[in-house]
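J.: With the sequence up front, the predicted model follows.
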Amino acid sequence: MSGSTRRLTTVLLLTCALFAAGPRREAAAQAKPEGEMRFAVYVSLVPAWFDPGEVAGVLTPFWVLYALHDALVKPMPGNHNAPSLAESWTVSPDQRMFEFKLREGVKFHNGDPFTAEDVKFSFARAKGKLLHEKVREVEVVSPTRVRFHLHEPWPDFMAFYGTFASGAAWIVPKKYVEQVGKDGFLKHPIGLGPYKFVSHQPGIELVMEAYEGYWRKMPSVKRLVYKSVPESTTRLAMVKRGEADVAYLLDAPQATEVKRDPTLKLAFSGGIGTFYLDFLEQFDPKSPWADKRVRLAAMHAIDVRALSESETLGASKPTGNVVPKSFEFAIPLEPYPYDPAKARKLLAEAGFPNGFDAGDLHPWPPYFSAGESISNYLATVGIRTRVRTMERATFMESWRTKKLSGLIMAASTAPGNAAARLEAFVVTTSAYAAGGYADIDDLFRAQAQERDRKRREAVLHQIQRLMHERVMHAPIFEPATLHGVGPRVEEPAIGLNPLLYFAAPYEDIRLKKP
């Protein structure tokens with residue numbers, strides 16, 4: 001082990017020791033959990049979200065995972081790779097082995113001890129093709145130590161294992177799952193998180209209760225209830241009537257109502273998303289979109305700041321990059337200014353003085369109003385589109401199978417770092433890319449093999465600059481979400497973690513004292 005690696009390990013061990021000691025002292029002095037907090041949510045929580053082994057690259061299930069389960073490493077406030085069930089980890093000099101030191105004395109909700117066998121078992125059953133291709137073996141060294149052996153050096157191992165790219169780092173109890181089977185686990189999940197499963201009525205309600213033995217901090221609120229309420233207006237009405245304490249994902253009109261009500265509070269949360277226009281036909285030489293000037297005209301035609309105001313009361317930050325600013329290896333790129341006159345000039349230079357019929361514009365469900373606004377902005381400079389809406393599953397499948405044409409108002413929440421975002425949406429082999437550039441593909445392959453962090457960062461920055469120069473996409477903003485909070489809530493924990501769109505950590509939420 002090199003000197004720098006030993007120093008890093010020492011820092012990690014000291015940091016994690018302090019991280020562990022503080023919360024335990026706080027938990028010991030904390031009063032028992034009390035009260036009930038009710039959430040009105042816009043989706044139906046499905047049983048698959050109760051099982052980390054069923055999660056792969058989708059952010060929404062982590063609502064449940066952060067409550068019922070825990071991970072070796074996970075995003076937390078102030079740290080995208082925070083040690084949790086793993087007190088620390090080390091990397092071998094050849095970067096082919098990661099060893100995790102596990103937190104001792106931790107128990108599952110049913111009393112079973114947490115050990116390295118649970119880590120190995122959880123990884124084996126987790127979804128995520130890339131992780132399983134890269135990891136050669138998971139070795140149980142002792143009950144409190146586990147090693148991941150890679151086939152070859154992979155600089156993004158922690159970016160995939162310790163983020164939202166999969167549920168592989170989230171731990172389930174091996175003994176219990178083998179005893180009840182997958183179906184039994186979905187009916188009554190057992191985890192290591194701050195809340196225990198109580199009941200679930202599909203499409204209606206999920207109920208959880210505080211786990212007083214949670215290692216980080218005993219939860220303050222005794223009971224959490226999630227109600228599935230599809231309509232934004234109904235969610236807000238429930239908060240106003242006191243039937244719910246938090247209304248997730250309000251539309252702008254309802255959020256404005258909250259701001260006007262002195263008894264309510266509006267909570268904002270960011271995340272890892274970006275909205276952008278994807279020019280599906282830019283690689284077709286016969287399409288107007290093949291001309292860079294036409295794509296640039298579309299960017300100048302959209303008033304992204306006004307769009308942020310109308311959709312999220314100005315909370316969404318305009319950007320010039322499809323990679324979020326918070327991601328490792330991202331470069332901040334300013335959005336192109338709103339300039340309809342320049343857009344018309346560019347179109348005329350490209351041979352379209354009267355504009356052109358651009359076909360369909362497919363907005364990401366359910367952000368149909370934003371799609372309509374973008375279509376209207378494009379129309380003012382002569383780019384005529386027809387907004388085509390569809391249900392999310394159909395939309396995603398049609399996009400993945402290359403059945404869409406025209407434009408997509410796309411949204412990406414692909415987790416990890418800049419490389420992960422590019423791999424998902426930019427390189428030619430991406431599932432959601434309509435095409436690509438050979439030099440960008442070559443650069444992407446080169447960075448994936450680069451073990452020196454600075455050189456790798458330089459290559460990833462070069463890729464993002466090339467994307468910007470070639471106007472591969474029209475970045476719009478990093479979307480924020482708006483939530484209504486009722487008068488009983490002291491701390492909703494919304495926005496504490498800048499990577500998440502929901503309340504977390506759950507053990508940090510608090511109700512006001514009666």
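T.: Perfect, I can see it now.
J.: three-state assignment of the residue lying closest to Asp357 once chain neighbours are set aside?
T.: Leaving aside its sequence neighbours, Asp357 sits nearest to Arg384 (Cβ to Cβ, 6 or more residues apart in numbering; 5.1 Å). The C-beta positions use only the backbone N, C-alpha and C, and glycine is treated the same way. Following DSSP: H, G, I helix; E, B strand; the rest coil, the label given to Arg384 is strand.
J.: pLDDT score for Arg384?
T.: Per-residue confidence (pLDDT) for Arg384: 98.
J.: where does the chain dip in pLDDT?
T.: For the chain, the stretches with pLDDT under 70 are 1-30, 57.
J.: which stretches of the stretch 351-500 of the chain form helices?
T.: 368-380, 392-400, 418-425, 438-449, 453-470 (DSSP state H, counting those that start in this stretch).
J.: Dump these to TSV, plus distance to Leu131.
T.: Below are the helices of the stretch 351-500 of the chain laid out as TSV (distance: least, Cβ to Cβ, whole Å):
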stretch	distance to Leu131
helix 368-380	33
helix 392-400	20
helix 418-425	12
helix 438-449	15
helix 453-470	19
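J.: Please identify the most buried of these.
T.: helix 418-425 (a mean of 23; mean count of other Cβ atoms under 10 Å).
J.: Contacts for that helix, please.
T.: By Cβ atoms under 8 Å, 6 or more residues apart in numbering, the residues outside helix 418-425 that reach it are 57, 156, 159-160, 165, 278, 322-324, 327-330, 410, 412, 414, 430-433, 444, 447-448, 460, 463-464.
J.: now do 7 Å
T.: 156, 159-160, 165, 322-323, 327-330, 412, 414, 430, 432-433, 444, 447, 460, 463-464 (Cβ atoms under 7 Å, 6 or more residues apart in numbering).
J.: Next: stretch 116-131.
T.: By Cβ under 7 Å, 6+ apart, stretch 116-131 touches 52-56, 72, 102, 138, 140-146, 160-161, 165-168, 170-174.
J.: can you pull the buried residues of that stretch?
T.: Across stretch 116-131, burial judged by 16 or more other Cβ atoms under 10 Å covers 116, 118-123, 125-128, 130-131.
J.: ok, those residues vs Tyr214, which is closest?
T.: Asp118 (16.4 Å; Cβ to Cβ).
J.: In terms of helix, strand or coil, where does that closest one fall?
T.: helix.
J.: any idea how far it lies from Ala168?
T.: 13 Å (Cβ to Cβ, to the nearest Å).
J.: Checking my notes, Pro219 in a helix, right?
T.: No. Pro219 is assigned coil when assessed by three-state DSSP, not a helix.
J.: burial of the residue lying closest to it once chain neighbours are set aside, as a residue count?
T.: Among residues not flanking Pro219 along the chain, Ala210 sits closest, at 4.0 Å (Cβ to Cβ, 6+ apart). Neighbour count for Ala210, taken as other Cβ atoms under 10 Å: 22.
J.: now swap in Arg260 and tell me
T.: 8.
J.: Touching, Val221 and Ala31? I think so.
T.: No. The criterion here is Cβ atoms under 7 Å, and Val221 misses it with Ala31 at 11.6 Å.
J.: Ile494 contacts Ala503, correct?
T.: Yes. The criterion here is Cβ under 7 Å, and Ile494 meets it with Ala503 at 5.1 Å.
J.: between those two, who's got more neighbours?
T.: More neighbours surround Ala503 than the other of Ile494 and Ala503, with 28 against 24 (other Cβ under 10 Å).
J.: Show the backbone phi and psi for the more buried one.
T.: phi -70, psi 130 (degrees, to the nearest 10).
J.: Name all residues that make contact with it.
T.: 492-494, 509.
J.: Could you rerun that using 10 Å?
T.: 37, 39, 63, 66-67, 224, 246, 248, 267, 269, 483, 485, 489, 491-497, 509 (Cβ atoms under 10 Å, 6 or more residues apart in numbering).
J.: what do you get for Ile494?
T.: 246, 248, 265-269, 481-483, 485, 500-504, 509.
J.: how near is it to Ala306?
T.: 25 Å.
J.: And for Thr481?
T.: 19 Å.
J.: neighbour-wise, which of those two wins?
T.: Thr481 (23 against 13).
J.: helix, strand or coil for Leu346?
T.: helix.
J.: Look at the closest residue to it other than its chain neighbours and tell me its secondary structure.
T.: Of all residues not flanking Leu346 in the chain, Ala297 sits nearest, at 4.0 Å (Cβ to Cβ, 6+ apart). At Ala297 the chain is in helix, as set by three-state DSSP.
J.: Contacts only, for Ala297.
T.: 288, 291, 339-340, 342-350, 352, 355, 378, 381-383, 471, 474.
J.: Now list the buried members of those.
T.: Buried among the contacts of Ala297 (16+ other Cβ under 10 Å): 288, 291, 339-340, 342-347, 350, 352, 355, 378, 381-383, 471, 474.
J.: Val180: what's it in contact with?
T.: Contacts of Val180 (Cβ under 10 Å, 6+ apart): 173, 186-190.
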